[in-house]
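[1] okay, structure incoming, though there's no sequence with it:
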C-alpha cells in the first residue's frame, strides 16, 4: 500500500476540519461549506478517531483547538495554500510568448530593474515580463516561469534551482545617522521600522536579527508596516532605521539614499533563491529562453 494511503487521514474530513479550525466554530464552518453542523461534527469526530487524539475542546458555546489540533491546522493550511496556488497557476496559463519572472517587489525595484536594459540589449529576441509582488510564492496570484525570492519565505512545493548569499543589516537615511556611526546599544535608542510579524510570511524581525548577531534585545516601539517595500521607503524618508537585505538595497546604498549606521550584519549563506515552476520545466524542457534567463540571473547574482 502507498505510504500516503497509509498515513493520510480520511481526505473527506480535512476540509471540514480546516474550516472549523479557521473559524473556531462548527456552525460557521457548516455555513461556509453548505453542510449541516451535525455533518461537520461527524467528520471531525471521525478525524479525531483516526488520529487517536482530540482536536478541539468543546463547550456549550464554543470550540477551541487543542495543541494537536493547532499542529494539524498549521500543516493543513500550508498544504492547502500550496495546492490552491499551484492549481490557480495551472488554470491561468497564458498563450503568449512572454517569459514571466516573478520577483519580490523590492528586489525588482532596486536589483532587477537597473540590470534589465543590459539583458534586453543582449537578448532582444526574449520578451521578459517582470511581475513584482509583496506576497510569498505560496500566494502567487498569476502564473510564472521563474521566480526570485528570499530563501526563508514560503515557496510551497517549489525547490530552488540555486541560491546565493545575502546579508541583513540596519539601514537608514544619512539624515538619521551617518555611515558606521552607531553601536548596537545606540541603535536601540533610535526609532526602528518593523515589517508586520507574520510567521507565514517569512520576514526576519528585529528581535531575531539582534539574537543572530549575538546581542539579544527586545525591540519595542517604532512604526509597523504591512509590507517590506514600505519599510524601505520609510527609511529613505528618514522615519527611522529598518533592516536591509543586501541584494535588494544595494542600489539605495550606492546612490546614497540609505547608509549602514552599524557595522554588524547577519550573513545568510543561501539568502536569495531562484525558482522555476514545475509547469515551466515540464512543458518547455527544451525552451532556450528559460535557460537563457536562468543563466543570466545566475551570472548577475554571482557577479
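    Okay, I see it. Since the model is a prediction, treat every value here as computed from it, not as a measurement.
[2] what's the following helix or strand after the helix or strand of the chain with the lowest mean pLDDT?
    Here the helix or strand of the chain ranked lowest by mean pLDDT, DSSP states H and E is helix 278-283, holding a mean of 50. Using DSSP states H and E, the helix or strand that follows helix 278-283 in sequence is helix 288-301.
[3] what does that next one rub up against?
    Identification of contacts with helix 288-301 by CB atoms under 8 Å, 6 or more residues apart in numbering yields 99, 101, 115, 119, 123, 126, 128, 145-146, 148, 161-162, 164, 247, 272, 274, 276, 280, 284. The C-beta positions use only the backbone N, C-alpha and C, and glycine is treated the same way.
[4] buried stuff in that helix?
    Under the neighbour-count criterion of 16 or more other CB atoms under 10 Å, helix 288-301 has 289-290, 292-294, 296-297, 301 buried.
[5] ditto for stretch 102-122
    Buried positions in stretch 102-122, judged by neighbour count with 16+ other CB under 10 Å: 102-112, 119.
[6] for the residue at the greatest distance from the centre of the chain, helix, strand, or coil?
    What lies farthest from the middle of the chain is residue 60; by CA atoms, centre = their mean that is 38.7 Å. Three-state call for residue 60 (DSSP: H, G, I helix; E, B strand; the rest coil): coil.
[7] residue boundaries of the strands in this protein?
    Here the chain has its strands, by DSSP state E, at 56-58, 63-65, 99-104, 128-133, 146-150, 162-171, 193-195, 223-225, 242-245, 266-276.
[8] helices along this protein, start to end?
    With DSSP state H as the criterion, the chain has helices at 3-7, 14-23, 26-33, 37-51, 67-91, 105-107, 116-122, 184-187, 206-212, 228-236, 246-254, 278-283, 288-301.
[9] one step back: what subset of the contacts of helix 288-301 is buried?
    Here, 16+ other CB under 10 Å leaves 99, 101, 119, 126, 128, 145-146, 148, 164, 247, 272, 274, 276, 280 buried among those.
[10] so for stretch 166-179, mean pLDDT?
    Stretch 166-179 carries an average pLDDT of 96.
[11] now what about that stretch, what contacts it?
    Contact with stretch 166-179 is made by 150, 182, 187, 190, 204, 209, 232, 235-238, 240-247, 249, 252-253, 256-262, 264-268, 271-272, as judged by CB under 8 Å, 6+ apart.
[12] among those residues, which ones are buried?
    Counted by 16+ other CB under 10 Å, those give 150, 182, 187, 190, 204, 209, 232, 235-236, 240-247, 249, 252-253, 257-262, 264-266, 268, 271-272 as buried.
[13] grab the nearest non-local neighbour of residue 68.
    Nearest in space to residue 68, with sequence neighbours left out and distances taken as CB to CB, 6 or more residues apart in numbering, is residue 53 at 4.6 Å.
[14] neighbours around that neighbour, how many?
    A total of 14 residues lie near residue 53 under the criterion other CB atoms under 10 Å.
[15] now do it against residue 4, distance only.
    Applying CB to CB, to the nearest Å, the value for residue 53 to residue 4 is 20 Å.
[16] quick one, phi psi at the residue farthest from the centre of the chain?
    Here is the backbone geometry of residue 60 (degrees, to the nearest 10): phi -60, psi -40.
[17] quick check, pLDDT for it.
    75.
[18] can you pull the contacts of residue 21?
    Contact analysis of residue 21 by CB under 8 Å, 6+ apart lists 55, 65, 69, 72-73, 76.
[19] equivalent analysis for residue 18, please.
    Counted by CB under 8 Å, 6+ apart, residue 18 has contacts 73, 76-77, 80.
[20] try 10 Å this time
    Contact analysis of residue 18 by CB atoms under 10 Å, 6 or more residues apart in numbering lists 29, 33, 72-73, 76-77, 79-80.
[21] what's the answer for residue 249, then?
    106-107, 110-111, 167-169, 171, 232, 235-236, 242-243, 257-258, 260.
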